[in-house]
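Sequence and predicted structure, then a few things I'm wondering about:
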Amino acid sequence: MARYCNLCKRSFPTYRGFKTHNARVHKNPKPPLMQRSTYRYHPHLNAQPCTREGDPLPPNAPPPPEKIDRPTFEFASHLFEKMHASEDEINHLLRIHAAKRSIQTQGQETDSGYFDSAKDMYSTIDSIPYGEAPWVTYKVRYTGPIDPDAPWKHETYHINTRDIKQVLMNMAASPEFDGKWDYTPFEEYTGENNRRYAHLMSGRFAWRQADQIAQDPATHGSMLCIAVLGADKTTVSVATGHQEFHPVYASAGNIHNDMRRAHCEAVTPLTFLPIPKAARRFANTEEFRIFKKQLYHAALRQILEPLRHGMTTPEVYVSGVVQGWCPKCRARPDELEKIGAPRFRAHTECLYETFEISTLWDTFGVNGDVRPFTYDYPRADVHELLSPDILHQVIKGTFKDHLNWVEEYVYLMADSDAAAKEVMDDIDRRIAAAPAFPGLRRFPEGQNFSQWTGNDSKALMKVFLPAIVGHVPDDMVRCLAAFLDFCYLARLSSHDSATLRAMDDALSRFHALRHIFEDVGIRPDGFSLPRQHSLVHYVHSIKLFGSPNGLCSSITESKHIAAVKIPWRESNRHNCIGQILKSNTRSSKLSAARAEYGRRGMLEDDVLIYTLRGHQAALDARFREELEALEAPDAHRVESSVDFGEKPTYMQRLHSVSTIRGLPRLHESIRRFIYDQLNPELDGADDVPLHHCPDVPHHIRLGVYHSAAAVFYAPSEVSGPGGMHRELIRSNPSWYGQYPRYDTVLVNVDPTQPGMRGMLVARVRLFFSFTFDYQKYPCAFVEWFAPQDDAPDPVTGMWTVVPEMVGGERVTGVIHLDSIVRACHLMPVFGSTSMPYNCHFSNSLDAFKAYYVNRYVDYHAYETII
C-alpha cells in the first residue's frame with residue numbers, strides 16, 4: 001500500500017516508511033506534559049501522630065530496637081505459608097536437620113537448630129507480638145415466639161469474630177502500607193475544575209464525613225478511618241456434605257486500592273457468620289427467609305459493636321430492600337430503565353413509622369421485618385453506602401445477560417434448531433481461534449461449557465465481540481461494544497471529569513442501542529433488571545467512593561482461597577472452624593512480623609548474605625556475585641521498557657539463523673536497521689539503495705531469544721504495589737514443542753501522535769541481538785501490518801489492520817527493542833464464511849485477510865489503543 005507525502009511530493013512503498021518520514025521530517029510539536037496534580041487536604045481531621053495516650057509524637061520517631069533470629073523466622077514462614085506442611089511433615093524435616101547436625105558435630109549437638117517439634121514452631125508463631133487480633137465466639141439464640149414446626153429457631157448459633165477495632169488498628173500500624181495509606185480526606189485536581197477520583201479517601205463521602213465529625217473541636221487532629229466490609233459465602237466441599245462458610249472481610253478505607261487488590265493483609269478475615277439450615281419443606285418459606293435475615297443483621301450488629309463509641313461509619317452490602325427493587329433509588333421494579341428519586345435513611349425511617357409491613361413491601365420495596373444493622377449508627381445511611389460491584393453487576397450480571405440474549409436471538413432467527421446450533425458452533429470456533437496472547441485464557445470449545453465463573457466471563461469479554469460479527473445485527477454488536485466501553489472505563493484505577501463523561505456517554509449509547517433486543521422480540525417487556533439498572537448509579541458512586549476496582553467483591557472472593565479453602569484442606573475436618581481460625585491467626589502474625597521486621601531493616605538481602613554480614617564474614621567471590629544481583633534496582637520501579645533476559649537462548653551465525661528460521665531478508669534488514677540507527681535525522685532506510693547502507697558480514701554472531709519482557713505502568717491490571725505490570729512477548733518456533741508462536745506487538749513510530757495514530761502493529765518473527773562497531777543492538781525482525789482505514793471500524797469500534805504487502809510479499813524489517821510499546825492482540829475479521837472445523841488457533845495470524853486490533857484484551861490495551 002503506497003503512501004504519498006503532499007508536502008514533499010513523494011510516495012513511499014510501505015506504510016511504516018511513510019510514518020517514519022512524517023515523524024522525522026515533519027516533526028509536530030510534542031504535546032505538553034500532563035499537569036501535575038494539586039491536592040487540598042481536610043484542615044481539621046489531619047491525623048497528627050500521637051502516643052496511645054494521645055500525647056503528640058515528634059516527627060519520624062524511630063521504632064525501638066529489636067533483634068530476631070532471621071533464619072528461624074524464614075524457616076517457620078516457609079513451612080507454614082509456602083509449603084503448608086503438615087505437623088508430621090514438619091517433625092520429619094526437623095529430625096532430618098537434627099540428624100545432619102549430629103553427624104557434623106559427632107553427636108555433640110542433636111537439636112535441629114530451629115525448633116524442637118512442630119508444636120514448638122506453632123507456639124513460637126503464636127507468641128509473635130504483632131498482628132494480635134484474637135478470635136472470640138458468641139452464642140446467639142432466637143428469643144421471640146417459637147413455633148414447634150420451626151426447628152431452626154431452637155438452635156444455638158455461633159458467631160466467630162475478631163475485634164474490628166483491633167483489626168483496623170493493626171492495619172494502621174502496619175509498615176506494609178507505608179506510602180499506601182491516606183491519613184486524611186483530600187481532593188485531587190489534575191487541572192482547572194478537573195477533579196480526580198481514585199482511592200476511597202479522595203471521594204466526596206470521606207470529606208463530608210470529616211466535615212460532620214470536625215464540628216466537635218475535640219476531634220481536630222484525629223484520623224478518619226472508614227471500615228470497608230465484604231461478606232460472601234463459599235463452599236469448600238460439595239461431595240462431603242456441601243460444607244459452607246460465610247466469612248466477612250474487613251479493610252480500612254484509608255488503604256490504596258492497589259494494595260486492597262493485592263494478596264496481602266489489606267483485606268483481613270473478620271468474622272465467620274452462622275449459616276442456618278432447614279429441611280427442604282421449610283427452606284423456601286417466608287418465615288425461614290425472614291429468620292435468616294434477622295440472624296444476619298443481629299450478627300453484624302454484634303460484630304460492629306466495638307465501633308459504636310468511635311462512630312466510625314461502615315461500608316456495607318445489605319440494605320433491607322426487597323429483591324427486585326433498587327437499594328439506592330426509589331425506581332419501581334417495572335421502571336428500572338430509568339433512575340428514580342434517591343433513597344435515604346430519614347425517608348426509610350419515616351416509612352417504617354408510617355406504614356404496615358405489607359404496604360412497605362408492596363409499595364416501597366422495603367422489608368419491614370428486618371431493620372438493617374446500620375441503623376445503630378447515626379451517620380450510616382445504608383442506601384448511600386452501597387458501593388458498585390463490578391463482578392456481580394457488570395461481569396456476572398449485565399454481560400451474562402447479553403450472552404444469553406445473543407444465543408436466544410440466534411435460535412429465534414434460525415430456520416431450525418439444527419441451523420441455530422450450527423451458528424452457535426461457528427461462534428464457538430471463532431472464539432477458539434483467538435490467537436495466543438500473554439495471560440489470555442483459551443476457550444478450546446468456545447463458550448460451550450456448563451459452569452461459569454467470574455473469571456470465565458472476564459476472559460470471554462476479551463474475545464466475544466469479533467466472534468459474533470456477521471451472525472447478529474450490527475446494532476447488537478454496537479450495543480455490546482458500548483457496554484464493554486462502559487465496563488472497561490469503570491474498571492480504571494482512577495477517574496477524572498473526562499473518564500466520567502466517557503462513562504456517561506458509553507452508558508447512553510448502550511441504553512439507546514439495547515432496544516435492538518426489544519425490537520427483535522428477545523426482551524418484549526423491556527429492561528427492568530436490577531443489575532443493569534445499577535449501572536446508572538456508577539458515576540455518582542465513583543464521586544463518593546473513588547474507583548470501584550478497590551471495592552469489588554472479586555477481592556473477597558479471591559481471599560477465600562487463603563482464608564478458608566486452604567486452611568480447610570489442611571484441617572482434619574473435625575471442628576474445622578477452630579482450625580481455620582487458628583490458621584488465619586498465625587498467617588496474620590507472620591505477615592505482621594514480616595512487615596515490622598522489614599521496616600526495621602532485619603530482612604534485607606538474602607537470608608544467607610544477611611547472616612554472613614551479621615557475623616562480619618568476608619564475602620568471597622561466589623557471594624559477591626549473588627549480592628550484586630540482590631542489590632539491583634527493583635524491576636517494578638523503573639520506567640516502561642522491553643528487555644531480554646540475561647542470556648540468549650542460543651548464539652548462531654547470521655546466515656545460519658536466516659536459513660533455519662526461514663528469513664531470507666534478515667541480512668538486508670539488519671543493514672537498513674544500522675543505517676537508521678546511524679542516521680536518525682534522515683529519511684528511513686527503506687527508501688535508500690542497499691549499497692548505501694553499512695556492510696554487515698554474514699558470519700556475524702546473533703544472540704537469539706525466544707521471548708522479551710515488557711514492563712509498563714498498568715495499575716488497572718494485576719500488578720505490583722507500584723502499579724508496574726510485566727508480560728512476556730513470545731517469538732518461539734516451537735512453543736511447548738508443538739507449534740510456532742509469534743506474538744504481535746505495538747511499535748511506536750510517531751510519539752507525537754496519540755494511540756494508534758502514532759503506533760503500528762507488527763508480528764515478531766525473531767528476537768535477537770548483535771554487536772556492530774562495538775555497539776550492542778537488541779532487535780526484533782518483524783512482519784508489518786498496515787491500518788485498513790484511517791478510523792476505527794464503525795461497528796465494533798476497533799481498528800482494523802491488514803498484512804502489509806509489496807509485490808506479493810510481506811513487508812518486513814528490523815526494529816530496535818526500545819520501539820516496542822507492549823504486546824497487542826489481533827482477532828480475525830471472520831466475515832461471512834463459516835470457520836473450518838480443523839482450524840488451529842496457532843494458524844490464525846496467517847489465515848485471514850484482515851484483523852481487529854483487540855483493545856478489549858486487557859484494561860491497559862483499552863487505555864492505549866485509542
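Arrived safely, thanks for sending.

Look up the closest residue to Gln688, ignoring the ones flanking it.
Careful, residue 688 is Val; it's not Gln. Nearest residue to Val688 in three dimensions, chain neighbours excluded: Tyr675, at 6.3 Å (C-beta to C-beta, 6 or more residues apart in numbering). (Each C-beta comes from the backbone N, C-alpha and C, glycine too.)

Give me the pLDDT value at the one you found.
Note on Tyr675: pLDDT of 93.

list the contacts for it?
Ala685, Val688, His692, Cys693, Pro694 (C-beta atoms under 8 Å, 6 or more residues apart in numbering).

Export those residues as JSON lines, with columns for neighbour count, pLDDT and secondary structure.
JSON lines is the format used below for those (neighbours: other C-beta atoms under 10 Å; pLDDT from 0 to 100; DSSP: H, G, I helix; E, B strand; the rest coil):
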{"residue": "Ala685", "neighbour count": "26", "pLDDT": "84", "secondary structure": "helix"}
{"residue": "Val688", "neighbour count": "16", "pLDDT": "87", "secondary structure": "coil"}
{"residue": "His692", "neighbour count": "11", "pLDDT": "90", "secondary structure": "helix"}
{"residue": "Cys693", "neighbour count": "19", "pLDDT": "93", "secondary structure": "coil"}
{"residue": "Pro694", "neighbour count": "15", "pLDDT": "94", "secondary structure": "coil"}
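
Farthest pair within these?
Val688 and Pro694 (11.2 Å; C-beta to C-beta).

Next secondary structure element downstream of the helix or strand hosting the residue nearest to Val688?
Here Tyr675, judged by DSSP states H and E, is contained in helix 666-678. Using DSSP H and E, the next helix or strand after helix 666-678 towards the C-terminus is strand 701-705.

From the rest of the structure, what touches that next one?
In contact with strand 701-705 (C-beta under 8 Å, 6+ apart) are residues 644-645, 648-654, 657, 731, 766-770.

Please check those residues and keep the buried ones.
Phe644, Pro648, Gln652, Leu654, Val657, Ser731, Leu766, Phe767, Phe768, Ser769, Phe770 (16 or more other C-beta atoms under 10 Å).

What is the most widely separated pair among those residues?
Top of the distance list for the buried ones among the contacts of strand 701-705 (C-beta to C-beta): Phe644 and Leu654, 17.5 Å.

where in the stretch 401-550 of the chain is pLDDT low?
Applying pLDDT under 70 to the stretch 401-550 of the chain flags the ranges 449-452.

Which one of the contacts of strand 701-705 is nearest to Ala481?
Closest approach to Ala481 among the contacts of strand 701-705 (C-beta to C-beta): Ser731, at 31.2 Å.

show me the contacts for the closest one.
Contacts of Ser731 (C-beta under 8 Å, 6+ apart): Tyr705, His706, Ser707, Ala708, Arg741, Tyr742, Asp743, Val764, Arg765, Leu766, Phe767, Ala780.

Let me know the distance separating the first one from Cys326.
Relative to Cys326, Tyr705 is positioned 54 Å away (criterion: C-beta to C-beta, to the nearest Å).

One more: Thr285?
26 Å.

Looking at the two, which one has more neighbours?
Between Thr285 and Cys326, Cys326 has the larger neighbour count (other C-beta atoms under 10 Å), namely 25 against 13.

Give me the neighbour count for the closest residue in space to Pro274 that isn't next to it in sequence.
Distances taken as C-beta to C-beta, 6+ apart place Tyr157 nearest to Pro274, at 3.7 Å, with adjacent residues excluded. Neighbours of Tyr157 under the rule other C-beta under 10 Å: 17.

wait, what's in contact with the residue lying closest to Ala231 once chain neighbours are set aside?
Of all residues not flanking Ala231 in the chain, Val248 sits nearest, at 4.5 Å (C-beta to C-beta, 6+ apart). Contact analysis of Val248 by C-beta under 8 Å, 6+ apart lists Thr161, Leu229, Gly230, Ala231, Pro269, Leu270, Thr271, Phe272, Leu273, Leu300, Ile303.

run the last query once more with 10 Å
Neighbouring residues of Val248 by C-beta atoms under 10 Å, 6 or more residues apart in numbering: 159, 161-162, 164, 229-232, 269-273, 299-300, 303, 317, 556.

how about it, secondary structure?
Look at Val248: counting by DSSP: H, G, I helix; E, B strand; the rest coil, its state is strand.

how about the strands of the stretch 651-800 of the chain, start to end?
Using DSSP state E, counting those that start in this stretch, the strands of the stretch 651-800 of the chain run over 701-705, 707-713, 724-735, 739-742, 744-748, 759-772, 775-787, 800-803.

partner strands of the longest one, parallel or antiparallel?
Partner strands and pairing direction for strand 759-772 (DSSP bridges) are strand 701-705 (antiparallel), strand 744-748 (antiparallel), strand 775-787 (antiparallel).

can I get the CA coordinates of that strand in CSV?
Output of strand 759-772 as CSV, limited to C-alpha atoms (Å, rounded to 0.1, in the frame of the first residue of the first chain):
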residue,chain,number,x,y,z
MET,A,759,1.8,3.2,16.5
LEU,A,760,1.9,0.3,14.1
VAL,A,761,1.2,-3.4,14.6
ALA,A,762,4.0,-5.9,13.8
ARG,A,763,4.4,-9.6,14.3
VAL,A,764,7.7,-10.6,15.9
ARG,A,765,9.4,-13.4,13.8
LEU,A,766,12.7,-13.2,15.6
PHE,A,767,14.1,-11.6,18.8
PHE,A,768,17.9,-11.2,18.5
SER,A,769,20.9,-9.0,19.5
PHE,A,770,24.2,-8.4,17.8
THR,A,771,27.2,-6.1,18.1
PHE,A,772,28.3,-3.7,15.4
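
what's the angle between that strand and strand 707-713?
Computed by axes from the mean of the first three to the mean of the last three C-alpha atoms, to 10 degrees, the angle separating strand 759-772 from strand 707-713 equals 120 degrees.

and what of the third one?
Note on geometry: by the same axes, to 10 degrees, strand 724-735 and strand 707-713 are set 160 degrees apart in direction.

Strand 724-735: how far from the chain's middle?
20 Å (C-alpha atoms, centre = their mean, to the nearest Å).

now stretch 343-360
Using C-alpha atoms, centre = their mean, the mean C-alpha position of stretch 343-360 is found 39 Å from that of the whole chain.

what's the span of it, first residue to last?
14 Å (C-alpha to C-alpha, to the nearest Å).

Buried ones in it, by neighbour count?
Arg343, Arg345, Thr348, Leu351, Phe355, Leu360.

Nearest residue to the first one in space, please, no chain neighbours.
Counting by C-beta to C-beta, 6+ apart, the nearest residue to Arg343 once its immediate chain neighbours are dropped is His383, at 3.9 Å.
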